[in-house]
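Peer 1: give the three-dimensional model of this entry:
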Amino acid sequence: MTVARAGEAPAEVAEEIFRFLPFDWQSVSGVADSMMVLLNLILIVSVFYAYRTLKSSEQARTTDILIWAIDQMEEIKPDIATVRSIGQPVEAWSAKQNQAAARVSVRLQRLAYMTRAGLIEASHFQAMWAITFVDMWDRLAPWIRQVRGSHGEPLTAAAGAFSRVDFELLAQEYRTHVDQMRAKGASDGAGGLA
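Peer 2: Residues are numbered from 1 along each chain as shown. Predicted coordinates for the structure are as follows:
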């Protein structure tokens, strides 16, 4: 650095200092701007790939849960067949029929809870088992009300029952869906859902 000599103006000193500085600050600023653009592009690409990864892991989770739900429904198929074969009032059910009703209602309560809590994808579950839930509720409602009454519970979800309440509420939601599908099928001339 040069020292101002006697009689030199400060502007002349600044000009002489500038002549010896090799940096052009506008170029440095341009390089920094280019690096920021590059970093932002890298960030955008990484966010895109992170979104795709999350989406695919969510689909894998949904698939795993649906496979689990299918296994749960497969395990109670014999009990569902037993419940469907019952043709007498609840009071006349055999021990085997009561046990089948208990297994079916408990399993459907668990699945209904998971669906209503958002742990199972509701749209897939509805597409696969809406008719089964409505049918099983219609067949098991008298038995469930009898069980609730024997435990001193209110008889319906609307009245404050707590055992198998998710099963009841989900069956009611699905009844609306099933009725709409039946009406749509009948208006299309397809005869509705069986």
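
Peer 1: what about Glu74, how many neighbours?
Peer 2: Applying other C-beta atoms under 10 Å, we find 9 residues neighbouring Glu74. Where you see a C-beta, it was placed from the backbone N, CA and C, and this is true even at glycine.

Peer 1: same question but for Ala95, I mixed them up
Peer 2: Applying other C-beta under 10 Å, we find 7 residues neighbouring Ala95.

Peer 1: okay, now Ala112: neighbour count?
Peer 2: By the criterion of other C-beta under 10 Å, Ala112 has 25 neighbours.

Peer 1: that one contacts Asp166, doesn't it?
Peer 2: Yes: if you go by C-beta atoms under 8 Å, Ala112 and Asp166 touch, sitting 3.9 Å apart.

Peer 1: and the strands in the chain, which stretches?
Peer 2: For the chain, strands defined by DSSP state E do not occur.

Peer 1: where in it is pLDDT low?
Peer 2: Low-confidence segments of the chain (pLDDT under 70): 1-25, 189-194.

Peer 1: if we use 50, what do you get?
Peer 2: Residues of the chain meeting the criterion pLDDT under 50: 1, 192, 194.

Peer 1: quick check: longest helix of it.
Peer 2: helix 25-75 (DSSP state H).

Peer 1: which elements pack onto that helix?
Peer 2: The contact analysis (3 or more C-beta pairs under 8 Å, 6 or more residues apart in numbering; DSSP states H and E) places helix 25-75 against helix 95-116, helix 122-150.

Peer 1: what's the angle between it and helix 122-150?
Peer 2: Put simply, helix 25-75 runs at 50 degrees to helix 122-150, going by axes from the mean of the first three to the mean of the last three C-alpha atoms, to 10 degrees.

Peer 1: ok now helix 25-75, how far from the chain's centre?
Peer 2: 19 Å (C-alpha atoms, centre = their mean, to the nearest Å).

Peer 1: relative to helix 95-116, how tilted is that helix?
Peer 2: On the basis of the same axes, to 10 degrees, helix 25-75 is oriented at 170 degrees to helix 95-116.

Peer 1: who touches stretch 95-113?
Peer 2: If you take C-beta atoms under 8 Å, 6 or more residues apart in numbering as the criterion, stretch 95-113 is touched by 69, 72-73, 75-76, 78-80, 82-83, 86, 93, 120, 125, 129, 133, 136, 140, 143-144, 163-167, 169-171.

Peer 1: list the contacts for the nearest residue to His177 once chain neighbours are set aside?
Peer 2: Using C-beta to C-beta, 6 or more residues apart in numbering and skipping residues adjacent in sequence, the residue nearest His177 is Ala130, 5.3 Å away. By C-beta under 8 Å, 6+ apart, the contact set of Ala130 is 174, 177-178.

Peer 1: and the gap between Ala130 and Glu75?
Peer 2: Separation of Ala130 from Glu75 (C-beta to C-beta, to the nearest Å): 20 Å.
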